[in-house]
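Peer 1: please find the sequence and the predicted model below.
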Amino acid sequence: MDKISVLGLIFGISAIVLGQLMEGGHIASLLQPTAFFIVIGGTLGAVMLQSPVSVFLAGMRMAAWVFVPPVLLPHRLIEQTTQWSQIARKEGLLALEAQVNLLSDPFMKKGLQLLVDGAEPDRLRDVLEVEISSFEGKLKMAARVWEAAGGYAPTIGILGAVLGLIQVMENLSDPSRLGAGIAVAFVATIYGVGSANLIFLPIGKKLMANIARMVVMREMFVDGLVGIANGDNPRVIESRLQGYLV
């Protein structure tokens, strides 16, 4: 569980609500179902319109990474790669074939199999970097669903404000209905700007950070395999991979 994400979301929303109370307002005035439906529904529709189904669904599923990020074990990867380099140095690359079936990650399994098959270091790097590029591109495309939502929400909020003002103008002769229209107008703007800057954009940025960490892990793996293919000393390989850690 990423505790800082949970804390940040709670703190951000609480600050706005507390500010409303400190100004003498009421929480109930921020609860406008009509404004919520306009902003969230309109934003969702705009994002769905711009995204293929697979990308949209992937982006929705990735939102869980904000609170439960993918488990990455860089130290374990360095230890494992160093062990492989020691085996290859003593017994040859073919001795690593027994390690291939122990891997569950398809990318790692493919990379180690290429190494066992005697792929040249440059060719090995080229093949795996194409995989990394494709992997990164797909994940970033899904994460941009949230960044897109952050771009649309404020504009949809303004649209909701205009709709509220239209209602006000249509009911100038009935003062009892003016309050509801004005409330929808202002709260829709709050929902649009608030959801974009407190939820959608931060989620997009956090997902991009997680993706960057996952890509670094794969680059570490490739660098380690290339080192083994070149016959580098295990300590040299370990030291180079340690440089990826921050």
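Peer 2: Okay, I see it. Predicted model only: the values in this text are computed from it and were never measured. Residues are numbered from 1 along each chain as shown.
Peer 1: pull the number of nearby residues for residue 88.
Peer 2: Counted with other CB atoms under 10 Å, the neighbours of residue 88 add up to 22. In short, each C-beta sits where N, CA and C put it, glycine included.
Peer 1: domains of this protein?
Peer 2: Following automatic domain parsing, one gets these domains for the chain: 1-31, 32-246.
Peer 1: JSON lines for these, including mean pLDDT?
Peer 2: Converted to JSON lines, the domains of the chain look like this (pLDDT from 0 to 100):
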{"stretch": "domain 1-31", "mean pLDDT": "79"}
{"stretch": "domain 32-246", "mean pLDDT": "89"}
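Peer 1: so of those domains, which one's packed in deepest?
Peer 2: Ranked by mean neighbour count, these are led by domain 32-246 with a mean of 17 (mean count of other CB atoms under 10 Å).
Peer 1: please tell me how far the residue most central in space within the chain sits from residue 144.
Peer 2: Nearest residue to the geometric centre of the chain (CA atoms, centre = their mean): residue 207, 1.5 Å. Counting by CB to CB, to the nearest Å, the gap from residue 207 to residue 144 is 9 Å.
Peer 1: for residue 24, helix, strand, or coil?
Peer 2: What DSSP: H, G, I helix; E, B strand; the rest coil gives for residue 24 is coil.
Peer 1: so what's it up against?
Peer 2: Contact analysis of residue 24 by CB atoms under 8 Å, 6 or more residues apart in numbering lists nothing.
Peer 1: same check, this time on residue 233
Peer 2: Contacts here follow CB under 8 Å, 6+ apart; on that basis residue 233 touches 85, 89.
Peer 1: name the helices or strands packed onto the longest helix along the chain?
Peer 2: Looking across the chain with DSSP state H, the single longest helix is helix 121-170. Here helix 121-170 is seen to pack against helix 33-50, helix 53-62, helix 106-116, helix 178-195, helix 201-229 when contacts are counted using 3 or more CB pairs under 8 Å, 6 or more residues apart in numbering; DSSP states H and E.
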